[in-house]
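**Q** sequence first, then the predicted structure, then my questions.
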Amino acid sequence: MLNKSIAYRLSIYISLAVIAVFIAFIAIYFLFNVSIIKENIENKAVNISGEIKGKVNQYVNVTVEVTENIADQIIFYDQHHSVQPFIEQLVRKYPFINAIHINLDSTIPLDYHNFFCFNAVDSILFFNENKPLKTCVTEQPHFKKLLESDTPAWSEPLFCERNNHIVVSYYAPVQVNDINGTPQNVGEIICELSLFQLSKTINQIQIGEKGFAFLLSKEGTFITHPLDDWILTKSIFDIPRKVLDEDELALKAFLEQPSSGSIIARPEILNYEKSWVYYSQLENDWILIIAIPYEEMFEPLYLPILKMLFFSVLGILVIYILITYITNRQIQPLSNLTNQLKRFSSLSGESFAGDDSMNEIKHVSESLNLLRTWYEKNKIRVSREEKLNKLKDDDIYQAAEIQQSLIKIDYPAFPGNPEIDLCTSYKPARIVSGDLFDYFFRDEDELVLSVGDVSGKGVPAAFFMSVAQTVIKSVAVDTLEHKSSSIVHRINNELYSNNVHQFFLTLFLGILNIKTGKLSYCNAAHTTSYVLKADGRLETLSDSHGLPLGLYRDKGYRESRYKMEKGDSLILYTDGVTELLDENNIQYGHDRLKENLQSLKGLDSKSMVLKIEKSLQQFMGEGSQNDDICILILKYNA
């Protein structure tokens, strides 16, 4: 080798280095692709798991919700003799609910205390008695233990001979408050979920060509399985050792804390073919199992690897030949040219670019041109992104301006009505706000007042606020609705129908007759309101009449009434006032607010608002406003 020419030795050294790098690249590429395929398969399994979890949780959550809703409302329906249509409607609406059992304490003064409704093949059967009805569920020993715990829970699966269904039941107690406000159990609701329907749904999900999924109970029993005769008849402890090389203690530990992960198994249903198994725990402690054969997992890798190896070998040979040829033909001329360039540079002090045949220079030039082109394109892209960001900022500020333009800031609010002295304050924590207020006459005598707070902050909350404000006004102007509770009920249903992102709204809505001073109001989980009497006393409107709006359809709401006297002031606000933080993260609080309100005796509404704002600003100091603030004060002068 030492007796060979420099060109020959250089070609060998470069070729070996290139081949070594190429081989290393092939090995890394192979390992990388194997890792990616495993990761992709796991991600796919996680996605499929999510899809199955979604369907299972849909059945489970609906069953839980139906059971708990019945537990909350059954006494009301029983008292109004409407249990049968109520229960039959639920069974008809959710076909996967196999049956519903209702047992109430005989001490409650009702016509019937025991009800049973189940979904037959072509009809829905309903029974009511004043003694417990024996069924396949209530006679199960495990379920009897469940009833003794007085805690909502799921039963173990069982075969029900009533209609040859395999079911799992959810239990929820019926509770009422005693005279001390302590919840007491006065019955139970049992809702059966049909596992045949659940198994059919899971088996319809396609997992590759041979893959499959099933559910295990927390005891290890097969709840669903592609083989129907395995359901409830076999458990994970019955499978052969060659399927899963784990002893009984390991399987019990797996069932106690399954979490999520993957193992290798050889399922009997796949003729003991080596498979990758993914497991994940559901919310009700069931375990979801997904099995995919190894051959199916790595089949997409075989053909690309063979192609890569073929072209790699071919590329190595071509590179070796090219390097040998280039070094033998070009090394000497390149050396001569380098010497000439050095001499030229030393004599003239300038760089010489050489002839057009200098491919290296051409390549460098093309690379520089490419870099310059890339730089220009990147510069254009950055400029475009800056313009887009500016447009987004402009849109947000325009949205804030539009929102501010919708806010009523006129004072006095009603120059033609001396009976009413009304002033407001509205301070968003960000550019836009999720708080709302409004006031308007819906006829000559009735003034509608509303103050609300949307969950969240920023642009999403502001959009929902705008929708809510529009809905409130469109419903409240209907003079056929005389009760504030009825108006709030309609507003809740409207917001529920348009609430895609699960926002909710706390709301105080009042209707004041300016002639009589009678105030009808409904407080849907909003902050406590106050009335500052003319003599300086502070009265609290602390009644809460229902849940926040937009979460549940057809929720009932109550209302209260209050008589406003001359000189009384109604103070409404959002929780941004009482939850305002100072520099030490101490809240402003209700006590400080009430103390401040009592000092406002004899002032008009605008002076009151200004004094409250000044108090909040002094309290906050150098701190920053952490929530939207809205204040509405009405002084009644009739």
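**A** Thanks, I have it.

**Q** how many residues are close by residue 541?
**A** Burial of residue 541 is recorded as 18 neighbouring residues (other Cβ atoms under 10 Å). All C-beta spots, glycine's among them, are computed from the backbone N, C-alpha and C.

**Q** for the closest residue to it other than its chain neighbours, give its distance to residue 519.
**A** Residue nearest to residue 541 in three dimensions, not counting chain neighbours: residue 529, with 4.3 Å by Cβ to Cβ, 6 or more residues apart in numbering. Per Cβ to Cβ, to the nearest Å, residue 529 is found 10 Å from residue 519.

**Q** okay, and the common contacts of the two?
**A** Residues touching both residue 529 and residue 519 (Cβ atoms under 8 Å, 6 or more residues apart in numbering): residue 570.

**Q** where in the stretch 1-150 of the chain is pLDDT low?
**A** 1-11, 30, 34, 138, 141-147 (pLDDT under 70).

**Q** ranges for the strands of it?
**A** Applying DSSP state E, counting those that start in this stretch to the stretch 1-150 of the chain gives strands spanning 97-104, 114-119, 124-129.

**Q** and these as CSV, adding mean neighbour count and distance to residue 89?
**A** Formatted as CSV, these follow (neighbours: other Cβ atoms under 10 Å; distance: least, Cβ to Cβ, whole Å):
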stretch, mean neighbour count, distance to residue 89
strand 97-104, 24, 11
strand 114-119, 22, 10
strand 124-129, 15, 10
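
**Q** of the ones you listed, which is nearest residue 472?
**A** strand 97-104 (36.7 Å; Cβ to Cβ).

**Q** what packs against the closest one?
**A** Taking 3 or more Cβ pairs under 8 Å, 6 or more residues apart in numbering; DSSP states H and E as contact, the helices and strands that strand 97-104 lies on are helix 6-79, helix 83-93, strand 114-119, strand 165-177, strand 183-194.

**Q** who wins for proximity to residue 607 among those?
**A** Comparing the helices and strands packed on strand 97-104 under Cβ to Cβ, the one sitting nearest is strand 165-177, at 44.5 Å.

**Q** neighbouring strands - and their directions - for the closest one?
**A** strand 153-154 (antiparallel), strand 158-160 (antiparallel), strand 183-194 (antiparallel) (DSSP bridges).

**Q** how far does it sit from its chain's centre?
**A** Centre-to-centre, strand 165-177 and its host chain are 27 Å apart (Cα atoms, centre = their mean, to the nearest Å).

**Q** list the buried ones in it?
**A** 165, 166, 167, 168, 169, 170, 171, 172, 173, 174 (16 or more other Cβ atoms under 10 Å).

**Q** that one to strand 114-119, inter-axis angle?
**A** 150 degrees (axes from the mean of the first three to the mean of the last three Cα atoms, to 10 degrees).

**Q** what's opposite the residue lying closest to residue 133 once chain neighbours are set aside in the beta bridge?
**A** Closest residue to residue 133 apart from its sequence neighbours, by Cβ to Cβ, 6+ apart: residue 116 at 4.6 Å. Here residue 116 sits in beta bridges with residue 101, residue 127, as judged by DSSP bridges.

**Q** shouldn't residue 116 be in contact with residue 131?
**A** No. Under the criterion of Cβ atoms under 8 Å, residue 116 makes no contact with residue 131, lying 11.5 Å away.

**Q** neighbours around residue 80, how many?
**A** 9.

**Q** hmm, back to that, what's the neighbour count on the residue nearest to residue 541?
**A** Residue 529 has 22 neighbours, counted by other Cβ under 10 Å.

**Q** any idea how far it lies from residue 596?
**A** 15 Å.

**Q** the stretch 451-600 of the chain: strands as residue ranges?
**A** Under DSSP E, counting those that start in this stretch, the stretch 451-600 of the chain gives strands at 505-513, 518-524, 529-532, 538-541, 560-563, 569-573.

**Q** wasn't residue 627 part of a strand?
**A** No. Read with DSSP: H, G, I helix; E, B strand; the rest coil, residue 627 is coil and lies in no strand.

**Q** just the pLDDT for the nearest residue to it once chain neighbours are set aside.
**A** Residue nearest to residue 627 in three dimensions, not counting chain neighbours: residue 576, with 3.8 Å by Cβ to Cβ, 6+ apart. What the model reports for residue 576 is a pLDDT of 92.

**Q** how near is residue 576 to residue 57?
**A** From residue 576 over to residue 57 (counting by Cβ to Cβ), the distance is 36 Å.
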